[in-house]
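Participant: Sequence unavailable; structure follows:
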């Protein structure tokens, strides 16, 4: 509707922003899962409609249309209201549809563009503190893999042991680590699934294979041993899902439980309880960029469709660049390294 308005299409004189949002909620969310639809509806009816709903689309000047466009993108992207009020913010819809709008919106609560808000990417010092604090947590391997590879939380929760692979010199192929064993030199992860509807990743480009840094491999090795112990303790109650990250009885992890567990880790690390697991991905991008990884490589690592998307999502967290991924993670997170 906003695009029609930009193109000069005349809306009925009585048609309001509230009507537009309600129409979008009723007709524009087909194919999304129930939780996403519910979240969009709550955001729209709690924030957008009360603030802007009475404004008539036909009466909006071009500048006001731009504000309305940002407000509507606020709903689509689940942006915080503070970001939508930022007069210096770039038009979130300007880069076009189809480029992972939900992820772009989430990323914008990270940078320093909103007055009074800290960056939502961990500094290297904070990241080290989180890794240290996570060692006693059941989420240790989850945190290490997420921070050192940049996988989305929805991808991490869907990760299966069959998709953690090791290079076999004997057969000259990648084999599942549960068959090849951890006594290898190179490891990778197939990021091929997510907890989204039908198990697909966010986009086709999101299906990617990442070489694992050694610290992530070590965390997974210990995690595998702990999971074997959980399986023995659970006995008949164990559910064989094949998931890398699961409950003590093999069930899939609930997103809310992961958030609570992660906040306990960040509290122990001394950085507060306002962080969420998805911000490990933002931290990965920032730390990789500071470590010299080019934006093109970061786009591949993150599963973005192009470096342009990466630049839009993480534009405040990118730096001039020279080298690549897993090697940098091994250097900056290696034993004995200081911030």
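Facilitator: The structure has been received and is ready for your questions. Nothing here was measured: the structure is a model prediction, and the numbers come from that model.
Participant: In the stretch 201-339 of the chain, mark out all the strands, start to finish.
Facilitator: For the stretch 201-339 of the chain, applying DSSP state E, counting those that start in this stretch gives strands covering 208-211.
Participant: Return the distance of residue 285 relative to residue 279.
Facilitator: In this view, residue 285 and residue 279 are 10 Å apart by CB to CB, to the nearest Å. (Glycine included, C-beta is placed from N, CA and C.)
Participant: repeat for residue 231
Facilitator: The value you get for residue 231 to residue 279, if CB to CB is used, is 31 Å.
Participant: Compare the two (neighbour count), which wins?
Facilitator: A direct count of neighbours by other CB atoms under 10 Å for residue 231 and residue 279 places residue 279 higher, at 23 against 16.
Participant: which residue sits closest to the more buried one, ignoring its sequence neighbours?
Facilitator: In this structure, residue 279 finds its nearest non-sequential neighbour in residue 120, 5.3 Å apart by CB to CB, 6 or more residues apart in numbering.
Participant: State the three-state secondary structure for the one you found.
Facilitator: Three-state assignment for residue 120 (DSSP: H, G, I helix; E, B strand; the rest coil): coil.
Participant: and what of residue 167?
Facilitator: Strictly by three-state DSSP, residue 167 counts as strand.
Participant: Next up, the contacts around the nearest residue to it once chain neighbours are set aside.
Facilitator: In space, and not counting its chain neighbours, residue 167 is closest to residue 186: 4.1 Å by CB to CB, 6+ apart. Taking CB atoms under 8 Å, 6 or more residues apart in numbering, we find residue 186 in contact with 166-167, 211.
Participant: helix or strand for residue 189, which one?
Facilitator: Assessed by DSSP states H and E, residue 189 sits inside strand 187-191.
Participant: which residues are common contacts for residue 285 and residue 279?
Facilitator: By CB under 8 Å, 6+ apart, residue 285 and residue 279 have these common neighbours: residue 121.
Participant: got a pLDDT number for the residue nearest to residue 122 when sequence neighbours are not counted?
Facilitator: Leaving out its chain neighbours, the residue that sits closest to residue 122 by CB to CB, 6+ apart is residue 283, at 3.9 Å. On pLDDT, residue 283 comes in at 92.
Participant: The residue nearest to residue 279 contacts residue 285, doesn't it?
Facilitator: No - contact criterion CB atoms under 8 Å: residue 120 and residue 285 do not qualify, at 11.3 Å.
Participant: Helix or strand next in line after the helix or strand bottoming out on mean pLDDT in the chain, which one?
Facilitator: Of all helical and strand segments in the chain, the minimum by mean pLDDT, DSSP states H and E falls on helix 101-107, at a mean of 39. Remark: after helix 101-107, the chain's next helix or strand is helix 124-134, criterion DSSP H and E.
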